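In: Fold the following, please.
(one chain, ligands or ions: 1)
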Amino acid sequence: MMLGLIDVSKSKEDFQRLKSYWNTFHCQSKIISSKNRIYGKYCKNRFCTVCSAIRKADIIHRYYPTLKTWKEPHFLTLTVRAVKIKSLNKWINGMFRAFSLILDRYKKRFQRGKGIPLIGIKSLECNFNPQRKTYNPHFHIITANLEIAEILKKEWLQIWKYKDNPNQIVVSSKAQFIRKVENLERDLIEVIKYGSKIFTEPDIKKKI
Ligand SMILES: [Zn+2]
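Out: Numbering: from 1, shown residues only. Next up is the predicted model:
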């Protein structure tokens, strides 16, 4: 995979990327052993499968003990509509801004003695549709309880209601999912999966 990406970055004359891909190519290729321990140099790039796996394990290890104490964790997905590459950056920035706005509002409310604190963890994922050439950025969130998930969903729909063109559906309520967490470890992995998936099935229907 790295050699393939190296060829691409060469053809685009992206020398910074080229260097990063070579670092990943050589990740853990030299191992030094001393006193029954082995040491190697990690590239720490998000497209490195070795480094992503380690980072993932590290995050699970740090977050799991806290999430385990939550009484009724829920899994929530917040999306916007599929977008083209040229506006992807704008949309992702907008998603983060919208989310911060909701958090700030509820934080202030809670400080005034109203409402509940919004507790959860979130991550951004972006799928690519190779047929339509569109991107589908979305947040994966685990909330401490159902009420928080419902608040986030409600506010998310509200915040996107009048954005952009009023005739165009930006965020559909059908596309926002809430479900109870049945398997905490599995859902935590879903949220914290870090880096890039290597393979995308080009035929979407086949994937289903
Ligand atoms: Zn690496």
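
In: domains of the chain?
Out: Following automatic domain parsing, one finds the domains of the chain at 2-64, 70-199.

In: Mean pLDDT lowest where, among these?
Out: Note on these: lowest mean pLDDT is at domain 70-199, with a mean of 86.

In: Now do the contacts for the residue positioned nearest the centre of the chain.
Out: Nearest to the geometric centre of the chain sits Leu124, at 2.5 Å (C-alpha atoms, centre = their mean). By C-beta atoms under 8 Å, 6 or more residues apart in numbering, the contact set of Leu124 is 92, 95-96, 137-140. (Glycine included, C-beta is placed from N, CA and C.)

In: mind listing which of these are in strands?
Out: 137-140 (DSSP state E).

In: Pick the one among the residues you listed closest to the ion.
Out: His140 (23.7 Å; C-beta to the ion).

In: Name whatever forms a beta bridge with that closest one.
Out: Thr77, Ser123 (DSSP bridges).

In: Hmm, it is touching Thr77, no?
Out: Yes: between His140 and Thr77 a contact is recorded at 6.0 Å, counting by C-beta atoms under 8 Å.

In: The chain against the ion: which residues are in contact?
Out: Contact residues (C-beta under 5 Å from the ion) of the chain with the ion: 27, 42-43, 48, 50-51.

In: Tell me the helices and strands packed up against the helix ranked longest in the chain.
Out: The helix that spans the most residues within the chain, counting by DSSP state H, is helix 85-111. On a contact count with 3 or more C-beta pairs under 8 Å, 6 or more residues apart in numbering; DSSP states H and E, helix 85-111 meets strand 120-129, strand 134-143, helix 146-160.

In: let's go with 7 Å and repeat that
Out: In terms of contacts (3 or more C-beta pairs under 7 Å, 6 or more residues apart in numbering; DSSP states H and E), helix 85-111 is packed against strand 134-143, helix 146-160.
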